Each structure stands twice: as structure tokens, then as C-alpha cells.
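Chemist: Any chance you can model this:
(one chain, ligands or ions: 1)
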Amino acid sequence: MSGAQIIDGKQIAANVRAEVAAEVARLQKEHNLKPGLAVVLVGEDPASKVYVANKAKQTVEVGMNSWEHRLPAETSEADVLALVNKLNNDPACHGILVQLPLPKHINSEKVLNSINPEKDVDGFHPVNVGRLWVGERALVPCTPTGSVILAKTVLPSLSGLNAIVIGRSNIVGKPVAALLLRENCTVTIAHSRTKNIEDVVKRADLVVAAVGIPEMVKGSWIKPGATIIDVGINRVPSENGKTKLVGDVAYDECAKVAGAITPVPGGVGPMTIACLLRNAAQAAAMIAGVKSAFA
Ligand SMILES: Nc1nc(=O)c2c([nH]1)NC[C@@H]1CN(c3ccc(C(=O)N[C@@H](CCC(=O)O)C(=O)O)cc3)C=[N+]21
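Modeler: The predicted model follows:
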């Protein structure tokens, strides 16, 4: 069925977590510094709950402090801002993640922009977005970092490759394009208005799919031997009346044509959490003004 090499995100994420654990131990030993990560969850979004489930456990496993702030869906914007402000001023907390999406009555832009950029482990604050694009030291969004690490496990050099990013979100599409440009790819960003998208995808050596449309990318769109990184995590009905997770890529048909492909689940998802821990360790070192193993 599958000609492509399957990129094992679970294994590679475990390797990244081992690197983070080693870095946390080093920061402790050399600088008496214990990184701490706070997650703020407002309300009960199902996608966010999937994500939060393993996170606290993995944070503690790599040796960091972990705090979870679960607030009811009715919490006012002012109360969320007050919590972020408290965490900004807490010297034990080096990373702050406010789970998205936030309830509709809360202005997420306002909340994200209130996070101290030095503690912005999601890399969503405009200061970090700007630092990424100009090539300054930054906290870089987790899913994009994880996607590029996965691509580099099968393509040690991305230099000169035609890369297509499908999707232009601030969370994945735009930052992954910035990272691929930094790797010297020729980057195309495709989206819902792109004409003849299959022809554009067909030219790509590296396809990063981050549109949020289940199985949108077809096997006939793929250049033989291309590398596919599937960022999509879509819950769809399955045969037995339950639901299953699928990516933005029609996996079976694309795997016949591609050189390498990430599965869903078990691909980019686990890397997102691993890179979050990596960012928290980096943030702690940066705030303390000491050398970091990561950036
Ligand atoms: N501020 C913020 N930052 C985020 O990074 C963020 C967020 N809000 N809100 C929710 C989304 C979703 N997200 C996931 C991360 C990992 C998996 C993951 O590990 N998935 C596994 C398991 C999936 C399963 O079995 O259900 C996999 O793909 O193999 C899923 C979803 C991060 N998000």
C-alpha cells in the first residue's frame, strides 16, 4: 500500500523530549534554574482538551515545573488579562501558553499581546513574529518548528527545494513559511483562493499541509518522491459510527506516490508538545541570561 517512508513523529518527539530533559538537567546543575511552564485553559474546547491531556505529564517528565489554570467559559476578559499579568510577574514561571480558541467574548489578540514576549512559548506575540521574520533570536511557534524537524529527518538539507505550504494561518502557515525560507527553500504559500492548486503542489519537493480540510490533498497532486508533512488534525465520522482522526492529506493515495510522509495521528501532533517544552527551556535560559542549547 505504502511506498513512502513513514516519518515517526512519536519517536522523533521522544528524542526531542530527551534533549529537553538533558537541557533542563544542565540548567539546574549549572545555573540552579528550573524552567516552569503555565498553561491557561478557558472553557472546554475539545481540541484544546486533547492537547492539554499529555502536556502537563510531559512537562513534569522532562523535569520542569508545570501549572495548569483551568477557568470556566464565562470568565471575563479582565480576569484572563489579570492572570496573564500575574504570570508575567512570577519569576518561577518562564513560559505562558493561553490555549486557543478562547471563548467568543474574549479578544484573543488582546490576551496574546499581553503575554511578556520573553515568556511567549507559543511564539504568537507580534514581537516574536517580527523577530522570526527578520532572523533575530525568537521564540518560534511549536508546530512549525516540529514540522521542519520532521522534514529534516528525511531531507538533511532543505536548501534549494521547492516547498509549498498549504494554509496561511498565523499559527502554522505563515511561521512555517518563514522557517522554510530560512532553510533556503523556494517557498510558495497556497490557500483557499489559489488557482490550480494541484499544479502548484505538483511542483513541490516538500509539501506542508495546514489548511484544516480533511484529506484535501490528493495522491494525483503529489510529485513522485516528494516529502509530505501533514499538519491537519481533523476529527471525522468513521465507518463504525465513531470518529477518527485524519489529516489534511489523503494518506493512503499520497503514501503511494510520496518519498516520505507523516501519519495522523503520530506525526506532527506529538512534535508540537515536544517543541513547546523546548521553547519553555529556551525561554528560561533567555530570561536568566544564560546560554541555551536550543536557540
Ligand atoms: N495556544 C495554543 N497553542 C497550541 O499549540 C494549541 C492550542 N492553543 N490549542 C489547541 C491546538 C491543538 N494542538 C495539538 C497539539 C498536539 C496534538 C497531539 O499531540 N496529537 C496527537 C494525538 C491526537 C489524538 O490521539 O487525539 C497526534 O497527532 O498524534 C493535538 C493537538 C495544539 N494547539
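Chemist: Pull the contacting residues for residue 9.
Modeler: By CB atoms under 8 Å, 6 or more residues apart in numbering, the contact set of residue 9 is 146, 150, 262-263, 266-271. C-beta coordinates here come from the backbone N, C-alpha and C atoms, glycine included.
Chemist: can you do 10 Å?
Modeler: 146-147, 149-150, 153, 229-230, 262-272, 274 (CB atoms under 10 Å, 6 or more residues apart in numbering).
Chemist: Show only the entries of these found in helices.
Modeler: When DSSP state H is applied, those are split such that 146-147, 149-150, 153, 268-272, 274 fall in helices.
Chemist: Which stretches in the stretch 101-250 of the chain count as helices?
Modeler: 108-114, 126-134, 142-154, 173-182, 197-202 (DSSP state H, counting those that start in this stretch).
Chemist: any residues touching the last one, and which ones?
Modeler: Helix 197-202 is contacted from outside by 162, 164, 166, 188, 190-191, 194, 196, 207, 209, 211, 216-218, 220-224, 226, 228, using CB under 10 Å, 6+ apart.
Chemist: Give the buried residues for it.
Modeler: 197, 200-202 (16 or more other CB atoms under 10 Å).
Chemist: what number of residues lie near residue 54?
Modeler: By other CB atoms under 10 Å, the residues close to residue 54 number 13.
Chemist: And for residue 283?
Modeler: Using other CB under 10 Å, residue 283 has 26 other residues around it.
Chemist: now the angle between helix 142-154 and the helix or strand hosting it, please.
Modeler: Using DSSP states H and E, residue 283 maps to helix 268-288. Interaxial angle of helix 268-288 relative to helix 142-154 (axes from the mean of the first three to the mean of the last three CA atoms, to 10 degrees): 110 degrees.
Chemist: Let me know the average pLDDT across helix 268-288.
Modeler: Mean per-residue pLDDT for helix 268-288: 98.
Chemist: quick one: it near the ligand?
Modeler: Yes: using CB under 6 Å from any ligand atom, helix 268-288 reaches the ligand at 269-270, 272-273.
Chemist: on that earlier part again, just the contacts of helix 197-202: which are in strands?
Modeler: 162, 164, 166, 188, 190, 207, 209, 228 (DSSP state E).
Chemist: Give the ChimeraX command for selecting the buried subset of these.
Modeler: In ChimeraX, selecting the buried portion of these, with burial taken from 16+ other CB under 10 Å, looks like this:
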select :162,164,166,188,190,207,209,228
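Chemist: which of the ones in strands among the contacts of helix 197-202 lies closest to the ligand?
Modeler: Taking CB to the nearest ligand atom as the measure, the ligand lies nearest residue 209 of these, at 13.7 Å.
Chemist: Show me what the closest one bridges to in the sheet.
Modeler: residue 166, residue 230 (DSSP bridges).
Chemist: Check it and give its pLDDT.
Modeler: The per-residue pLDDT reported for residue 209 equals 98.
Chemist: rewinding a little: the buried residues of helix 197-202 also near the ligand: which ones?
Modeler: Within those, nothing lies near the ligand by CB under 6 Å from any ligand atom.
Chemist: Tell me the helices and strands packed up against the host helix or strand of residue 96.
Modeler: In this assignment (DSSP H and E), residue 96 forms part of strand 95-98. Under the contact criterion of 3 or more CB pairs under 10 Å, 6 or more residues apart in numbering; DSSP states H and E, strand 95-98 touches strand 36-42, helix 46-61, strand 65-71, helix 77-88, helix 108-114, helix 268-288.
Chemist: Can you dump the C-alpha atoms of the longest one in PDB for me?
Modeler: Meaning helix 268-288. In PDB, the C-alpha atoms belonging to helix 268-288 read as follows (Å, rounded to 0.1, in the frame of the first residue of the first chain):
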ATOM      1  CA  VAL A 268       3.200  16.500  13.700                       C
ATOM      2  CA  GLY A 269       0.900  16.400  16.800                       C
ATOM      3  CA  PRO A 270       3.500  14.900  19.300                       C
ATOM      4  CA  MET A 271       6.100  17.200  17.900                       C
ATOM      5  CA  THR A 272       4.000  20.300  18.800                       C
ATOM      6  CA  ILE A 273       4.100  19.400  22.500                       C
ATOM      7  CA  ALA A 274       7.800  18.400  22.400                       C
ATOM      8  CA  CYS A 275       8.700  21.800  20.900                       C
ATOM      9  CA  LEU A 276       6.600  23.600  23.500                       C
ATOM     10  CA  LEU A 277       8.800  22.000  26.200                       C
ATOM     11  CA  ARG A 278      11.800  23.000  24.100                       C
ATOM     12  CA  ASN A 279      10.600  26.600  24.000                       C
ATOM     13  CA  ALA A 280      10.000  26.700  27.700                       C
ATOM     14  CA  ALA A 281      13.600  25.600  28.400                       C
ATOM     15  CA  GLN A 282      14.800  28.200  25.900                       C
ATOM     16  CA  ALA A 283      12.700  30.900  27.500                       C
ATOM     17  CA  ALA A 284      14.000  30.100  30.900                       C
ATOM     18  CA  ALA A 285      17.700  30.300  29.700                       C
ATOM     19  CA  MET A 286      17.000  33.600  27.800                       C
ATOM     20  CA  ILE A 287      15.300  35.200  30.900                       C
ATOM     21  CA  ALA A 288      18.100  34.100  33.100                       C
END
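Chemist: Brilliant, that's me finished.
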